[in-house]
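> output the structure for:
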Amino acid sequence: MKSLKSCTAIALALSFGGQAVAAEMLNEIGPGEGEVSIVAWPGYIERGETDPKFDWVTKFEEATGCKVNIKTANTSDEMVALMNEGGFDLVTASGDASLRLVAGKRVQPVNVDLIESWETVDDRLKNAPWHTVDGVHYGVPYMWGPNILMYSTEAFKEAPTSWKVVFEEMTLDDGKSNKGRVQAYDGPIHIADAALYLMHNKPELGIKSPYELNQEQYDAALELLRQQRQLVGRYWHDAFIQIDDFKNEGVVASGSWPFQVNLLKADSEPVASVIPVEGATGWADTTMMHVDAAHPNCAYMWMEHTLSSNLQSDLSVWFGANPSVPAACTDGRGMQTAEGCTANGMDDFEKIRFWTTPVSQCESQGECVPYYRWVSDYIGVIGGR
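The predicted structure is shown next:
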């Protein structure tokens with residue numbers, strides 16, 4: 001109940017506009033404090049423990065004397081809850097968390113003049129609305145990508161062309177029903193995936209954005225999700241559990257991240273991925289700094305490191321995502337190539353509906369269902385209500 005209550009308060013704050021201002025930003029970087037604590041998505045901060053080839057932490061620690069402490073979080077709501085509790089310096093927040101953190105005054109403005117490599121950031125991301133409020137930057141772009149449809153190549157002879165395979169019961173190419181063999185994301189933002197499906201397949205609803213839903217549109221999305229509930233074997237939020245489910249539990253289709261696809265393929269598992277005809281939601285993540293960060297100098301050093309080191313290139317390969325620094329595709333600092341970035345969707349930026357926090361006063365229509373309703377109603381859907 002604590003997290004739901006905090007989500008409610010923050011969503012209400014957002015409905016009055018992005019006027020929240022956090023602490024004054026740093027004007028100069030001093031000596032490192034010896035450590036930095038980061039809340040991050042799984043797989044986002046690697047020191048070679050999962051795979052020795054992927055390590056963008058060790059050299060940073062050696063160069064700065066700042067030990068990197070990592071707390072993984074599997075959903076944006078978990079990230080917001082952790083930042084509300086405090087004790088962390090940075091968070092790799094997706095767009096459905098970042099504005100909540102700004103409105104809740106949990107993060108502070110970032111002085112981009114102190115980030116030497118800021119000019120290398122993709123121009124499409126520098127002033128993105130999920131981390132820039134009233135011209136003030138509240139973070140440094142980190143990584144972005146789509147929520148893809150992962151599927152078993154044994155259950156599907158050809159790549160599925162629609163998200164229908166996870167929303168409606170059907171017989172698959174292997175002669176079996178999809179019931180009990182598909183998954184859905186365990187987060188309220190999944191309502192947007194249902195809305196995106198309806199945008200394409202029920203245009204009479206008039207949905208303009210999957211994050212801006214009036215009551216009728218919202219009810220239609222919930223009804224589709226209740227239908228999906230009859231098919232879902234597990235709601236996933238842990239990437240590694242989903243990987244195990246595809247390996248050992250007979251799961252054949254789900255919304256997922258390129259990270260899971262890459263690891264399963266590395267183990268020679270029969271999976272592939274696609275962006276269906278309806279398009280895809282996606283995430284553009286930002287490194288944001290806690291308003292009460294105990295290690296601000298190490299935090300600024302880390303934000304610079306994320307842009308100027310091999311991190312952007314190698315993380316792009318490791319996660320199957322797109323770097324926020326376009327040069328990372330070709331500069332040779334890491335493993336990524338121009339072809340790899342194209343395969344990850346570097347040219348598909350305009351096709352992705354990036355996660356953002358639903359608010360009551362929305363741009364596409366007068367009044368929309370705010371995020372705190374998404375939270376409580378999605379809990380109901382998962383619970384069978």
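
> could you report the neighbour count for Glu363?
Neighbours of Glu363 under the rule other C-beta atoms under 10 Å: 10. From N, CA and C alone the C-beta is placed, and that goes for glycine too.

> confidence score at Ala343?
At Ala343, the pLDDT value in this model is 84.

> what of Ile115?
Here, the pLDDT recorded for Ile115 equals 97.

> what about it, how many residues nearby?
Neighbours of Ile115 (other C-beta under 10 Å): 20.

> the nearest residue to it once chain neighbours are set aside in helix, strand or coil?
Nearest residue to Ile115, sequence neighbours excluded (C-beta to C-beta, 6 or more residues apart in numbering): Glu304, at 5.4 Å. Recorded secondary structure, Glu304: helix (DSSP: H, G, I helix; E, B strand; the rest coil).

> Asp113 is in contact with Glu304, correct?
No: with contact defined as C-beta atoms under 8 Å, Glu304 does not count as touching Asp113 (11.8 Å).

> compare those two (neighbour count), which wins?
More crowded of Glu304 and Asp113, by other C-beta under 10 Å: Glu304, with 19 against 10.

> ok, the more buried one - contacts?
The neighbours of Glu304, taking C-beta atoms under 8 Å, 6 or more residues apart in numbering as the test, are 115-117.

> closest to Cys362 out of those?
Ile115 (31.9 Å; C-beta to C-beta).

> look up how far Thr72 lies from that closest one.
Look at Ile115 and Thr72: by C-beta to C-beta, to the nearest Å, they are 25 Å apart.

> with Pro31 instead?
In terms of C-beta to C-beta, Pro31 sits 28 Å off from Thr72.

> give me the more crowded residue out of those two.
Each of Pro31 and Thr72 has its neighbours counted (other C-beta under 10 Å); Thr72 has more, 16 against 9.

> run a quick neighbour tally on Val315.
Rather than Val, residue 315 is Leu. 27.

> then Asp123?
Residues near Asp123, counting by other C-beta under 10 Å: 8.

> measure it to Val232 for me?
Distance from Asp123 to Val232, by C-beta to C-beta: 39 Å.

> excluding chain neighbours, what is closest to Glu269?
Lys247 (6.0 Å).

> the one you found belongs to a strand?
No: Lys247 sits outside any strand when classified using three-state DSSP, being helix.

> which residues touch it?
Going by C-beta under 8 Å, 6+ apart, Lys247 touches 264, 267, 269.

> likewise for Gln228?
So Gln228 contacts 166-167, 182, 184, 194 (C-beta under 8 Å, 6+ apart).

> 10 Å - rerun?
163, 166-169, 182-184, 190, 193-194, 197, 235, 381 (C-beta atoms under 10 Å, 6 or more residues apart in numbering).

> buried subset of the residues you listed?
The neighbour-count test (16 or more other C-beta atoms under 10 Å) marks 163, 166-168, 182-184, 190, 193-194, 197, 235, 381 as buried among those.

> quick one: pLDDT of Lys5?
For Lys5, pLDDT reads 32.

> any idea how many residues pack against Val317?
Close neighbours of Val317, defined as other C-beta under 10 Å, add up to 20.

> can you tell me the SS state at it?
Per three-state DSSP, Val317 ends up helix.

> before we move on, which element is the nearest residue to it once chain neighbours are set aside in?
The shortest distance from Val317 to any non-neighbouring residue, by C-beta to C-beta, 6+ apart, is to Met335 (4.6 Å). In the assignment (DSSP states H and E), Met335 maps to no helix and no strand.

> what's near enough to touch Met335?
Contacts of Met335 (C-beta under 10 Å, 6+ apart): 53-54, 310, 313-318, 328.

> burial measure for Lys179, as a count.
When neighbours are counted by other C-beta under 10 Å, Lys179 registers 13.

> what's near enough to touch it?
Applying C-beta under 10 Å, 6+ apart to Lys179 gives the contacts 169-171, 230-233.

> repeat that with 8 Å
169, 230-231.

> also Asn147?
Counting by C-beta under 8 Å, 6+ apart, Asn147 has contacts 185, 193, 255-257, 280-283.
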